[in-house]
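In: Compute the structure for the input listed below.
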Amino acid sequence: MRFALLLCMAVAAIQPVFAVTAEDKLIAALGKRLFPVVTAMDASQASAEVRTMLADRGRRLAACADNAVCKIDASAWKEDEIGLVSKTAAHDRSSAEAREYQEAVRRELAGLNAILDVYGKGGTPPYPEIDGPIGKKGSQRLAADVAVAASISEVSRDEAVATFDPSIGLALALMDVNDRLDAIAFEPIDEGLNSEAFQHARKLDWSRYRYTAIIVLGAGPEDLLTPLSARGKLHVKVAAQRYFSGLAPFIIVSGAAVHPRDTRFVEAVEMRNALIERYGMPAHAVVIEPYARHTTTNLRNAARLLMSMKAPMDRDALVLSDPRHIDAVESTEFVARNQRELGYQPGKIGKRTSPFDIVFRPSPDSARVDPLDPLDP
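Out: Presented below is the predicted three-dimensional model:
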């Protein structure tokens, strides 16, 4: 008996002590990227009305038991719930700040609902050819992935990023099981491949250059084996000529892993490789923008980078692509598309300086996060 007791004590002594929760750094980063306002909310500090509503949502979710599909529906935010959170969370701010805050809350919860619909129920994403879950609507794969995501969110309830409401953890788990962590793949953006460029920007005399940057638009190949398309090679060659002529201190290469769907080649990275290896560009002069999947976000994300690099926002950049693509950027339809897809203009399009180039004045409006596009918010 004494020996057995001693043996149990010895075994207990070598057993690992498990923490209450193991924080997933990637998921925490994704949550803060997609839902920066909502993930920062503290339910314990919310109004009594909001706490009551959150408790009702919790009971709605608990009633689903192990039914993953039910959990998706129960996690969706109703319009009155969104309105209550946005209104009460902004009550102690000035009128202008309150409006901005309310809009941010509404955008984020609408984006969360969109993730639940697209990745939880197989709904139609904004860009069906390149977005959406691995499993198709009604498939066994989708059902299995949703069930796993529900389990992940259940065991992650105590993680800081999801404490305001379990729906946050479920939405993030759905993105995770579908391997769609695109929005944080290169964070922090001022480090890694961009480290030298950001360091160079800190000591740069911007006034020496006509443009703050040459923004090179990506062009994906049509197959999964080609790293840089023929059009991409053309863009890179013209961009190198522009840089060595002294027009700008940086080339911003813009484009994610977009075309074709499931490609592992990131357009920005492949263009950077070509500029450095084939044309001898210094690494400190090339900035990758590896998230954009459309021309609208090419310009928006480049504007964000220029703001992060402390470039003067009262100066122009130069957008570069093949002539047909620049025709589209110059068109009135592009203005309408920006308004439709982003809700604002990422900047002002100026004059055409050549078949390959057009002037662009970035706008601070580009800083606004768009969780309705969870792959590039």
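
In: and the closest residue to Met281 other than its chain neighbours, what is it in contact with?
Out: With sequence-adjacent residues excluded and distances taken as Cβ to Cβ, 6 or more residues apart in numbering, Met281 is closest to Leu275, at 4.1 Å. To be clear about C-beta, it is placed using only N, CA and C from the backbone, and glycine gets the same treatment. Residues near Leu275 by Cβ atoms under 8 Å, 6 or more residues apart in numbering: Val236, Ala239, Ala240, Ile251, Val253, Met281, Val286.

In: centre of the chain versus the helix or strand encompassing Ile252, how much separation?
Out: For Ile252, the host element (DSSP states H and E) is strand 251-254. Offset of strand 251-254 from its chain centre (Cα atoms, centre = their mean, to the nearest Å): 17 Å.

In: got it, and stretch 187-195?
Out: For stretch 187-195, the distance to the chain centre is 15 Å (Cα atoms, centre = their mean).

In: looking at the contacts of Leu275, which has the most residues close by?
Out: Within the contacts of Leu275, Val253 tops the neighbour count with 32 neighbours, counted by other Cβ atoms under 10 Å.

In: related to what we said a few turns ago, make JSON lines out of the contacts of Leu275 and add distance to Asp176 and pLDDT.
Out: Formatted as JSON lines, these follow (distance: Cβ to Cβ, whole Å; pLDDT from 0 to 100):
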{"residue": "Val236", "distance to Asp176": "34", "pLDDT": "98"}
{"residue": "Ala239", "distance to Asp176": "35", "pLDDT": "98"}
{"residue": "Ala240", "distance to Asp176": "38", "pLDDT": "98"}
{"residue": "Ile251", "distance to Asp176": "33", "pLDDT": "98"}
{"residue": "Val253", "distance to Asp176": "28", "pLDDT": "98"}
{"residue": "Met281", "distance to Asp176": "36", "pLDDT": "98"}
{"residue": "Val286", "distance to Asp176": "31", "pLDDT": "98"}
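
In: Tabulate these (a markdown table), appending secondary structure and distance to Ala63.
Out: Output for those, formatted as a markdown table (DSSP: H, G, I helix; E, B strand; the rest coil; distance: Cβ to Cβ, whole Å):
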| residue | secondary structure | distance to Ala63 |
| --- | --- | --- |
| Val236 | helix | 56 |
| Ala239 | helix | 57 |
| Ala240 | helix | 61 |
| Ile251 | strand | 55 |
| Val253 | strand | 50 |
| Met281 | coil | 59 |
| Val286 | strand | 54 |
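
In: And these, which two are furthest apart?
Out: Ala240 and Val253 (11.1 Å; Cβ to Cβ).

In: Between the two ends of stretch 200-216, what distance do you get?
Out: 19 Å (Cα to Cα, to the nearest Å).

In: now swap in stretch 287-294 and tell me
Out: With Cα to Cα, one end of stretch 287-294 sits 18 Å from the other.

In: can you list the residues that contact it?
Out: 127, 130, 182-183, 185-186, 193-194, 197, 213, 218, 250-256, 258, 266-269, 272, 297-298, 300-302, 305, 309, 341, 375-376.

In: Could you do stretch 167-174 as well?
Out: By Cβ under 8 Å, 6+ apart, stretch 167-174 touches 27, 30-31, 34-35, 38-39, 57, 71-72, 75-77, 112, 115-116, 119-120, 133, 145-146, 148-150, 152-153, 156-157, 159, 161-162.

In: What pairs with the strand holding Ile252, parallel or antiparallel?
Out: strand 214-217 (parallel), strand 286-289 (parallel) (DSSP bridges).

In: can you pull out the helices in the chain?
Out: For the chain, the helices defined by DSSP state H cover 2-14, 25-34, 48-62, 68-75, 79-89, 95-121, 140-155, 166-177, 195-202, 230-244, 267-279, 295-308, 323-330, 332-341.

In: Deepest-packed of those helices, please.
Out: Ranked by mean neighbour count, these are led by helix 166-177 with a mean of 26 (mean count of other Cβ atoms under 10 Å).

In: where's it relative to the chain centroid, distance-wise?
Out: Centroid displacement of helix 166-177 relative to its chain, using Cα atoms, centre = their mean, is 15 Å.
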